[in-house]
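Chemist: everything below, folded, please.
(4 chains)
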Number of protein chains: 2
Amino acid sequence: MAITIIDVAKEANVSPATVSRVIADNPRISEQTKRKVREVMERLEYHPNFQARNLAAKSTKTVGVIMSNSTSLAFQNPFFPEVIRGICTSAHASKYGIYLSTGGSEEEIYQEVVSMVQGRKVDGIILLYSRVNDRTMAFLKDAKFPFTMVGRPYKYEDEITYIDNDNQKIAHDVVEYLFNLGHRQIAFIGGNLEFVVSKDRLEGYQQALIDTGLFYSDAYFIHDEAIKATGNKSIKELMQLEVPPTAIVAHDDLVAYEIIRYLEELSIQVPKDISIVSFNNHSLSAYVKPPLTSVDISIFELGFQSANFLLEKIIDPKAPVKHHFVPTTLIERDSCGNIKMVGE
Amino acid sequence: MAITIIDVAKEANVSPATVSRVIADNPRISEQTKRKVREVMERLEYHPNFQARNLAAKSTKTVGVIMSNSTSLAFQNPFFPEVIRGICTSAHASKYGIYLSTGGSEEEIYQEVVSMVQGRKVDGIILLYSRVNDRTMAFLKDAKFPFTMVGRPYKYEDEITYIDNDNQKIAHDVVEYLFNLGHRQIAFIGGNLEFVVSKDRLEGYQQALIDTGLFYSDAYFIHDEAIKATGNKSIKELMQLEVPPTAIVAHDDLVAYEIIRYLEELSIQVPKDISIVSFNNHSLSAYVKPPLTSVDISIFELGFQSANFLLEKIIDPKAPVKHHFVPTTLIERDSCGNIKMVGE
DNA sequence: CTGAAAGCGCTTACAG
DNA sequence: CTGAAAGCGCTTACAG
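Modeler: Next up is the predicted model:
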């Protein structure tokens, strides 16, 4: 069997309680005893049993990370490693571990979260998404279990600690950016509206249209699911409109490149014939043609802060609710053209 | 406090032992008792305490996943979500959870793995990489702890269960592919040679050169770190060689696109002036210009099988050592040109 | 088919 | 500054 605290205690001629206190670096133990015990621990290659420790101490020193089922969020993929890196950086600094949810369907995720919290598998949870009317979130909130969201919650915004970009604002900004380039017909390829991020960006887009007094048509708004489903058909329809757009805002770089390819099939070139701006700034977008103008959303920071906030909540359950918008940067590259306006 | 097995036992008028057996669906318990106990569990919203259960049962029902520190493996990023998805799919089916390593440096990773196994934090470990002379792997092997690798081990290949692509072969194949297109000067942009995957692909490349009797020069082999470090300088030097290559094999799509951009800066066009093939087949590579010819390495499958193998080992520690090469597919797109050979 | 009891390996008031 | 003892919430031979 593995070495236990008892073995160490015997070898060091102290009680198990003392060994336990040395592990915790309890200040009431004399330096001399600590040295002695530590020497023995090292010599016997003792490592505390994680489960026993957690059971007795009623804490797990791990945080649960829940991702939405991967199929539903297009930008999940490149997003994921970077948030995780942010979370790990914060968690690791506080000696916390990461427990990853493995569920497939939404129902499975819900069940997993329930058993994570009821079974005391983790001390807190990070939701890597914000979904409209999310059961999982509601459960966490009702259970008063420490949790944090990457994404603005759909409801109860004042009661939930979260971190996000100001998605309404960045969508607004991006439209203004195109406006200042002279564009007056701006279409929007949005994400799945079950996610708040998609709703927020759409709203920012619509508000910007109103604020700048631009032309709006329902035909100017397309879901990326439509594109996934029908291929270039929806893009074709968009471009065959009586008043086709001169610019497109896409909700993710991956989607942007898909669109660009479909445009090419229609012999429409970016940025010569149409401009395109996107969000999320994937690492590839600098290298690929055309280099994409995209909003960098500081994914690492999103993950890092979500974990920081969670750790605060775990340590002090009465910590006040916090929100924070992580700053973004519009990275200008070569996918947008300036339209010379005649007579303006 | 949370509901415990004792509460359920009282409520159902049985002993805690019986409740425990119902949870485990022990066949020796009568259906009638099971029904009664289950009804109570549901009513009280009982969920077994994970830590207590693990401590008593001496198993954790979780697998540890160790990634190399993210900075060092260029292709880690897009690779990562997909392996994880594969691992989760397998683990979830067996009701195992995922514990993710959070370490930064190699030393930290090593320490974390040691405490994971000594502290019985996980039942088994998946190493998401194979590194030359890896201390972590050596430790796992010596500890006789169940583990599995994604990547051929550098040493002790016969004693370690792993899953991989046949990287030597696919590199070999890719060179032959270019050869058959008429290319006779083929350069190789390889990855970090601390990783076996990079070594294997380099070896396959070199062997193919020998087998086809092609020209080889040390100047034809570049590390992607050199490119990261010096930007287009190393590509420039490559193309200014007396005999410049007509084709390049790149060890990853991301690197390929970087190279393509540098080539463009030199007014060298793909595939017109030079061909390029790559490995890993990122999701973007179909959409971006030029669409890249790349070897799909079935990342999901790699993750899935690594977890399957591990689970086998956990269940039966004497399970025989297994290796498996996951099949790959060369996805032909538009980054390779046919060279018309004069007089051949 | 079910229960009483010991035990998993720790932590933590309590006492001194 | 340190120890004896109870307890964390389960599981699992053992006995019947």
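Chemist: where does the prediction get shaky in chain A?
Modeler: A:1, A:69-77, A:340-344 (pLDDT under 70).
Chemist: let me see the domain layout of it.
Modeler: Following automatic domain parsing, one finds the domains of chain A at A:62-165+A:299-327, A:167-296.
Chemist: can I get these in JSON lines including mean neighbour count and distance to DNA strand D?
Modeler: C-beta here means a position set from N, CA and C on the backbone, and glycine is covered the same way. Below are those laid out as JSON lines (neighbours: other CB atoms under 10 Å in any protein chain shown; distance: least, CB to the nearest atom of the strand, whole Å):
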{"stretch": "domain A:62-165+A:299-327", "mean neighbour count": "20", "distance to DNA strand D": "7"}
{"stretch": "domain A:167-296", "mean neighbour count": "20", "distance to DNA strand D": "35"}
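Chemist: which stretch among those comes nearest B:Tyr220?
Modeler: B:Tyr220 lies closest, by CB to CB, to one member of the domains of chain A: domain A:167-296, at 22.4 Å.
Chemist: now the end-to-end length of the closest one.
Modeler: In domain A:167-296, first residue to last residue: 12 Å (CA to CA, to the nearest Å).
Chemist: leaving out sequence neighbours, find the closest residue to A:Tyr156.
Modeler: A:Lys141 (6.4 Å; CB to CB, 6 or more residues apart in numbering or on different chains).
Chemist: and that neighbour, what helix or strand is that in?
Modeler: Element membership for A:Lys141, per DSSP states H and E: helix A:135-142.
Chemist: do A:Ala56 as well
Modeler: Per DSSP H and E: helix A:50-57 holds A:Ala56.
Chemist: which elements pack onto that helix?
Modeler: With contacts taken as 3 or more CB pairs under 8 Å, 6 or more residues apart in numbering or on different chains; DSSP states H and E, helix A:50-57 sits against helix B:50-57.
Chemist: quick one: the strands in the stretch 1-150 of chain A?
Modeler: A:62-66, A:97-100, A:124-127, A:147-150 (DSSP state E, counting those that start in this stretch).
Chemist: distance to DNA strand C added to those, as a markdown table?
Modeler: Shown next, in a markdown table, are the strands of the stretch 1-150 of chain A (distance: least, CB to the nearest atom of the strand, whole Å):
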| stretch | distance to DNA strand C |
| --- | --- |
| strand A:62-66 | 15 |
| strand A:97-100 | 15 |
| strand A:124-127 | 17 |
| strand A:147-150 | 23 |
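Chemist: so who does the residue nearest to A:His183 when sequence neighbours are not counted touch?
Modeler: Spatial nearest neighbour of A:His183, chain neighbours left out: A:Ala247 (4.1 Å); criterion: CB to CB, 6+ apart. Counting by CB atoms under 8 Å, 6 or more residues apart in numbering or on different chains, A:Ala247 touches A:178, A:181, A:183, A:185-187, A:274-277, A:336.
Chemist: closest one of those to DNA strand C?
Modeler: A:Val277 (52.4 Å; CB to the nearest atom of the strand).
Chemist: surely that closest one forms part of a helix?
Modeler: No - with DSSP: H, G, I helix; E, B strand; the rest coil as the criterion, A:Val277 is assigned strand and is not in a helix.
Chemist: how about it, what does it touch?
Modeler: Contacts of A:Val277 (CB under 8 Å, 6+ apart): A:174, A:177-178, A:247-250, A:293-295, A:330, A:335-336.
Chemist: filter those residues down to the ones in helices?
Modeler: A:174, A:177-178 (DSSP state H).
Chemist: is it possible to get CSV of those residues that adds distance to A:Ser234?
Modeler: Shown next, in CSV, are the ones in helices among the contacts of A:Val277 (distance: CB to CB, whole Å):
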residue, distance to A:Ser234
A:Val174, 21
A:Tyr177, 24
A:Leu178, 20
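Chemist: re earlier: quick one: the contacts of A:Ala247 as CSV, columns for distance to B:Ser115 too.
Modeler: Formatted as CSV, the contacts of A:Ala247 follow (distance: CB to CB, whole Å):
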residue, distance to B:Ser115
A:Leu178, 52
A:Leu181, 55
A:His183, 56
A:Gln185, 59
A:Ile186, 54
A:Ala187, 53
A:Ile274, 55
A:Ser275, 53
A:Ile276, 49
A:Val277, 47
A:Cys336, 51
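Chemist: just the closest of these to chain B, please.
Modeler: When those are ranked by distance to chain B (CB to the nearest CB), A:Ile276 comes first, at 12.9 Å.
Chemist: circling back to that earlier point, which of the contacts of A:Val277 sits closest to B:Leu241?
Modeler: The closest of the contacts of A:Val277 to B:Leu241 turns out to be A:Ser335 (CB to CB; 34.1 Å).
Chemist: tell me which residues touch the closest residue to A:Gln168 other than its chain neighbours, please.
Modeler: Spatial nearest neighbour of A:Gln168, excluding adjacent residues (CB to CB, 6+ apart): A:Gly204 at 3.9 Å. Applying CB under 8 Å, 6+ apart, we find A:Gly204 in contact with A:167-175.
Chemist: which among the residues you listed gets closest to B:Lys233?
Modeler: Once CB to CB is applied, the member of the contacts of A:Gly204 that ends up nearest B:Lys233 is A:Val174, at 35.0 Å.
Chemist: and that closest one, how far is that from chain B?
Modeler: 21 Å (CB to the nearest CB, to the nearest Å).
Chemist: over to A:Asp211?
Modeler: Distance from A:Asp211 to chain B, counting by CB to the nearest CB: 33 Å.
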